[in-house]
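Enquirer: Show me how the following folds:
(chains A and B)
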Protein chains: 2
Amino acid sequence: MLRSHTCGELRLDNVGEEVILTGWVQRLRDKGGMLWVDMRDRYGITQLTYEEGITPQNLIDQARTLGREYVIRVVGKVVERYSKNDKIPTGAIEIVVHKLEVLNPAKLPPFLIEDETDGGDDLRMKYRYLDLRRTPVRRNLELRHRMMRETRNYLDQHYFIEVETPVLIKSTPEGARDFVVPSRMNPGEFYALPQSPQTFKQLLMVSGFDRYYQIVKCFRDEDLRADRQPEFTQIDCEMSFVKQEDVLNMFEGFISYLFEKEKGIKLGKLPRMTYADAMKYYGSDKPDTRFDMRFVELNHLVKNKGFKVFDDAELVVGINAKGAAYYTRKQLDELTDFVKRPQIGATGLVYARVNEDGSIKSSVDKFYSPDDLQHWGSAFHAERGDLILILAGNKDKTRKALNELRLEMGERLGLRDKNVYSPLWVVDFPLLEWDEDSNRWHAMHHPFTSPKPEDIELIDDRPGDIRANAYDMVINGVEVGGGSIRIHDRRLQEQMFTLLGFSHAEAEAQFGFLMNAFEYGAPPHGGIAFGFDRLCTLFGGSESIRDYIAFPKNNSGRDVMIDAPSPISDTQLNELHIRMKNIPHQ
Amino acid sequence: MLRSHTCGELRLDNVGEEVILTGWVQRLRDKGGMLWVDMRDRYGITQLTYEEGITPQNLIDQARTLGREYVIRVVGKVVERYSKNDKIPTGAIEIVVHKLEVLNPAKLPPFLIEDETDGGDDLRMKYRYLDLRRTPVRRNLELRHRMMRETRNYLDQHYFIEVETPVLIKSTPEGARDFVVPSRMNPGEFYALPQSPQTFKQLLMVSGFDRYYQIVKCFRDEDLRADRQPEFTQIDCEMSFVKQEDVLNMFEGFISYLFEKEKGIKLGKLPRMTYADAMKYYGSDKPDTRFDMRFVELNHLVKNKGFKVFDDAELVVGINAKGAAYYTRKQLDELTDFVKRPQIGATGLVYARVNEDGSIKSSVDKFYSPDDLQHWGSAFHAERGDLILILAGNKDKTRKALNELRLEMGERLGLRDKNVYSPLWVVDFPLLEWDEDSNRWHAMHHPFTSPKPEDIELIDDRPGDIRANAYDMVINGVEVGGGSIRIHDRRLQEQMFTLLGFSHAEAEAQFGFLMNAFEYGAPPHGGIAFGFDRLCTLFGGSESIRDYIAFPKNNSGRDVMIDAPSPISDTQLNELHIRMKNIPHQ
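Expert: As a prediction, this is how the structure comes out:
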């Protein structure tokens, strides 16, 4: 190695040793005849020291030519520092330099390579390799590495085998849009990149692998949002001879193991909530349960008192923002504006505050008597100083809007501490959901999810009421994982495809291999997949998965650092038997 | 779980216990009033037993309806076996069944699910999920899993960080053909799938990650051979502040660790051979050194004796096939036919055998005296019973042909034992090779490989003589890994691109991001990548990497199980702004 030690390892014990260090110039200070250079590598920072009159002048002159981010190699002696720096592990020593070599100079970086940088998003994306030099960014990827390692440790301990499944697979119409890859050797045909290794992991169960996992890249060509990337990483798992309970226990164990290893937090038994309850009490299938503020339905209390908005509403439902009675008119107006945003879509907000004397004052006092309002208060277990917020309208939309308002209030009231973790299982998802656009049933999870046996009889008359053996793990309002017990019977799988509007021929062409496999001895099986980027983001306490991906793409799916995607040559197009359509001027 | 134990874990200690097992019916034997069912899962085989007159008749009748590969669940009692089976770990016990449940019946498999199967390649590829049920195939993937785990263990212990690099990157003209992915959001533009994460790992070094690795899928759209797959897995590594020696030591340690963990073999220090010597003595840059049989050059001994073939040849070179003097005329004719095959391309074969009396008899006795032949014998250190085989012609082609002949003789003489491992480093590769087709220099390794500093002066006059800081790890004639110390200086990288025929604009467009990165403080760095599929194949003692890939593709790049690639819909084509060219009828 070009070094004898890293910049993070020298201590008082090393005083007197001749050492060789390599790294980057973090900072120079030149003051009162003393010159200090902070030298940085992945492992830490070590101080180099020069003193006028003592250090040979040529060494001092050379050091003064150094710039930020120069790559240097120094030979020197470890000495005890006069004034120690307790903030860094090497703070008790410094290096008296005998020799310095510039391994590579550096231009002035376009932004500060410090914990707090002055670079904007775009600049930092273009120079991602410089942004990655910053300690907080590097720590994110170190966290990711540890999470990966502990994931494998846990699964290996439980006899899971990591098996790599193919990246070049077959395009299927179900689910999100595929990225496709034209085949040169098979003109007119395309591979697709996997949205998940779903069918392959099921085939591995048919093969008797019993317990499979893979930390694997998956791909979805969808319009991007802040927390989506065209390529993302999944912890993909499957087990044979299991019921739902077994999968929940195994992966409850997994998440507990990660929390204990990484954060020293012991999770208890994870609570479970049915999908129906999650929707009823939180208006979301991924409730943030760090705080209570559960929905209270008010239909039985508010109808027929002359308030048309409530009388016409399918659902009147509210939350108790505890202690927020102090909210001013202006703040309440802000909340009204918030719920009326198009993406939230409520038509208005009714509030009622519990005064210090126990009386309740609402925005609809003209329709409801003080007694009526006291009944409301009881329904919400409201106490003095509480603020009740109520929405009304169509059931699904109102729940969705109240979920947003609940999260907003949680945020405003400081109830969403990122250092508090509240994981739970959401279970008993519906098997199907009606899609207005295509006017047909869609699989809520995917077409391979099994219905609960006791609900199968509903298949002809009330398919929407069939519950699935499907489950999500939710932490702090984020769905970190989801899975199901799968269908392992050819006939049931065929029935499922029919229900989803596949013709027999379509089902056969797309998934014939899987249905055939079910005829050769398929064991009962089920599994789960965790969104690894999201899991890291949650453990790291950040908002954006991008912070945990070494080279992320932007919202247009571009890598602005390498400038991809980009045009390819006519030769390449010809070899692939494709040509571009006329593309409107952009 | 649906089971209390696996089929591999019950022992004498469990006798008397009530157990529940799940698995596949491997075999039924029905003989003399006794019925035995071998039940299989990933962990082993357990015998179920039924006895006429003792077992209730309905249970016996039910068992007789079972077929091979039925998935069953049995409840029963562990009893000691009357006649033990020492071949399997569960051979001391059997299960007296109280209850049997068929979880899934199975059609008769298209081939035998046994260690030795009757299924041909095509059938086993189509029903890969059944082939994977066979113990030898499953063991291959279990080996792969262990190799992956031990690879990570070693690298983690040495402070390497696993970082995931993107799969959707930019197409570059250098190297093999890219697979490309049309971008829907960026019309007319394409991503490429990485042939290796080369530039990203170098950027991670610029970022100060110091030590990086990744076990990662890579892609090459090349015409396939038996040992190639369009997608393959690499162990990709990079280190900063290193010289070649440091990389060799680190990865010598790695391969030794793998051999010790997986095979209990302690490798000593790995020998090193220059590229020049490898070509001179083995005619290959990946010599199989399990056996000696080094090339001996004969120009100084054979010229000007009237044998025109040798007189006209640039190189006359041979090997000593020790102990093969017994070869018959027919066998020698076979060897002559072998070297004359078009893919080997020699024009003929000269032989000389050392008789028991020490005399030497050659196929060119008419040109060479007994004394001449004795000189040949000395050059080869030939002893009684040895067979000397000589080729002549153009230097490069003759070496290449003699390499093939040497390997063939090694095979025939039983010198290539797959349980013997002979790893070595081949070093000092040329930086460049001349490409006749494009009439320009190509990078022998890749354009980021650094020249040896002492050879840089040859850049203008004799670029072909520049040696690179490049190295391959070769085991048993297989290149399992290769790497180099990289260029970390913008000017040198530019010079390299110029030498390779890139215009300034081309170099900038393709690799500008990397050259820019070199200006912001790039450390000296180097690395290596191992072909993971090949490494597993070598450790497993097989010929084909396909045996170590769960779902491989065939020689046309097809996955015949899922039938990919396949046509996609017009909607998909439209969304991607592409259309197919008229494809000639196939």
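
Enquirer: When you work out contacts or count neighbours from here on, use the C-alpha atoms and nothing else.
Expert: Will do.

Enquirer: wait, isn't A:Val15 in contact with A:Thr90?
Expert: No. If you go by Cα atoms under 8 Å, A:Val15 and A:Thr90 don't touch, sitting 11.4 Å apart.

Enquirer: which of the two has more neighbours?
Expert: Counted by other Cα atoms under 10 Å in any protein chain shown, A:Val15 and A:Thr90 do not tie: A:Thr90 has more neighbours, with 21 against 17.

Enquirer: what's downstream of the helix or strand where A:Met147 lies, the next helix or strand?
Expert: Here A:Met147, judged by DSSP states H and E, is contained in helix A:135-157. Remark: after helix A:135-157, the chain's next helix or strand is strand A:161-162, criterion DSSP H and E.

Enquirer: List the strands paired with that next one, with their directions.
Expert: strand A:211-219 (parallel) (DSSP bridges).

Enquirer: Report the backbone C-alpha coordinates of the helix or strand following the strand it pairs with in PDB.
Expert: Once the chain leaves strand A:211-219, the next helix or strand it forms, by DSSP H and E, is strand A:231-240. Only the C-alpha atoms of strand A:231-240 are listed here, as PDB (Å, rounded to 0.1, in the frame of the first residue of the first chain):
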ATOM      1  CA  GLU A 231     -34.200   0.900 -10.900                       C
ATOM      2  CA  PHE A 232     -34.600  -0.100  -7.200                       C
ATOM      3  CA  THR A 233     -33.400  -2.800  -4.900                       C
ATOM      4  CA  GLN A 234     -35.600  -5.400  -3.300                       C
ATOM      5  CA  ILE A 235     -35.000  -8.000  -0.600                       C
ATOM      6  CA  ASP A 236     -36.900 -10.700  -2.200                       C
ATOM      7  CA  CYS A 237     -37.900 -13.800  -0.100                       C
ATOM      8  CA  GLU A 238     -40.000 -16.900  -0.500                       C
ATOM      9  CA  MET A 239     -40.700 -20.000   1.700                       C
ATOM     10  CA  SER A 240     -42.400 -23.300   1.200                       C
END
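
Enquirer: what does strand A:231-240 rub up against?
Expert: Outside strand A:231-240, the residues that touch it by Cα atoms under 8 Å, 6 or more residues apart in numbering or on different chains are A:196-197, A:201-202, A:205, A:208, A:210-220, A:247, A:523-533, B:166-168.

Enquirer: Can you see whether the strand ranked longest in chain A contacts chain B, counting any residue in it?
Expert: For chain A, the strand with the greatest residue count under DSSP state E is strand A:18-31. Yes. Counting by Cα under 8 Å from any Cα of the partner chain, chain B has neighbours in strand A:18-31: A:22-24.

Enquirer: which of the residues in stretch A:165-176 are buried?
Expert: Residues of stretch A:165-176 classed as buried by neighbour count (16 or more other Cα atoms under 10 Å in any protein chain shown): A:165-172.

Enquirer: which of the residues of strand A:18-31 next to chain B lies closest to B:Gln331?
Expert: Nearest to B:Gln331 among the residues of strand A:18-31 next to chain B, counting by Cα to Cα, is A:Thr22 at 62.1 Å.

Enquirer: ok so, going back, and the angle from the longest strand of chain A to strand B:231-240?
Expert: Put simply, strand A:18-31 runs at 70 degrees to strand B:231-240, going by axes from the mean of the first three to the mean of the last three Cα atoms, to 10 degrees.

Enquirer: Pull the number of nearby residues for the closest residue to chain B within the stretch 251-400 of chain A.
Expert: Of all residues in the stretch 251-400 of chain A, A:Phe251 sits closest to chain B, at 13.7 Å by Cα to the nearest Cα. A:Phe251 has 19 neighbouring residues, counting by other Cα under 10 Å.

Enquirer: now the helix or strand harbouring it: mean pLDDT?
Expert: For A:Phe251, the host element (DSSP H and E) is helix A:244-263. Across helix A:244-263, the average pLDDT comes to 98.

Enquirer: Enumerate every residue touching A:Arg40.
Expert: Neighbouring residues of A:Arg40 by Cα under 8 Å, 6+ apart: A:7, A:23-26, A:46.

Enquirer: Could I get those in JSON lines, plus columns for distance to A:Ile549, neighbour count and pLDDT?
Expert: JSON lines is the format used below for those (distance: Cα to Cα, whole Å; neighbours: other Cα atoms under 10 Å in any protein chain shown; pLDDT from 0 to 100):
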{"residue": "A:Cys7", "distance to A:Ile549": "26", "neighbour count": "23", "pLDDT": "98"}
{"residue": "A:Gly23", "distance to A:Ile549": "24", "neighbour count": "31", "pLDDT": "98"}
{"residue": "A:Trp24", "distance to A:Ile549": "23", "neighbour count": "30", "pLDDT": "98"}
{"residue": "A:Val25", "distance to A:Ile549": "26", "neighbour count": "23", "pLDDT": "97"}
{"residue": "A:Gln26", "distance to A:Ile549": "24", "neighbour count": "20", "pLDDT": "96"}
{"residue": "A:Thr46", "distance to A:Ile549": "28", "neighbour count": "27", "pLDDT": "98"}
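
Enquirer: Among the residues you listed, find me the one that's closest to B:Ser359.
Expert: Nearest member of the contacts of A:Arg40 to B:Ser359, counting by Cα to Cα, is A:Gly23, at 67.7 Å.

Enquirer: Would you mind confirming that that closest one makes contact with A:Cys7?
Expert: Yes. A:Gly23 lies in contact with A:Cys7 (Cα under 8 Å); the separation is 7.3 Å.

Enquirer: And for A:Arg64, the neighbour number?
Expert: Each residue near A:Arg64 was counted by other Cα under 10 Å, and the total is 15.

Enquirer: gap between it and A:Leu35?
Expert: 8 Å (Cα to Cα, to the nearest Å).

Enquirer: Pull out the buried positions in stretch A:377-395.
Expert: Buried-residue list, stretch A:377-395, by 16+ other Cα under 10 Å: A:377, A:380, A:382-393, A:395.

Enquirer: ugh, typo on my part, it should be stretch A:501-519
Expert: Residues of stretch A:501-519 classed as buried: A:502, A:507-508, A:510-519 (neighbour count, 16+ other Cα under 10 Å).

Enquirer: If we ignore the residues flanking it in sequence, what's nearest A:Arg68?
Expert: What sits nearest to A:Arg68 in space, not counting adjacent residues and going by Cα to Cα, 6 or more residues apart in numbering or on different chains, is A:Val25, at 5.2 Å.

Enquirer: let me redo that: A:Glu142
Expert: Spatial nearest neighbour of A:Glu142, excluding adjacent residues (Cα to Cα, 6+ apart): B:Ile161 at 7.1 Å.

Enquirer: residue contacts, the one you found?
Expert: B:Ile161 sits next to A:142, A:145, B:155, B:209, B:211-213 when contact means Cα under 8 Å, 6+ apart.

Enquirer: swap in A:Glu150?
Expert: A:258, A:261.

Enquirer: gap between A:Tyr281 and A:Thr274?
Expert: A:Tyr281 is 10 Å from A:Thr274, by Cα to Cα.

Enquirer: more crowded one of the two?
Expert: The neighbour comparison of A:Tyr281 against A:Thr274 (other Cα under 10 Å) goes to A:Tyr281, with 21 against 15.

Enquirer: confidence score at the more buried one?
Expert: Per the predicted model, pLDDT is 98 at A:Tyr281.

Enquirer: Right, I'll leave it there.
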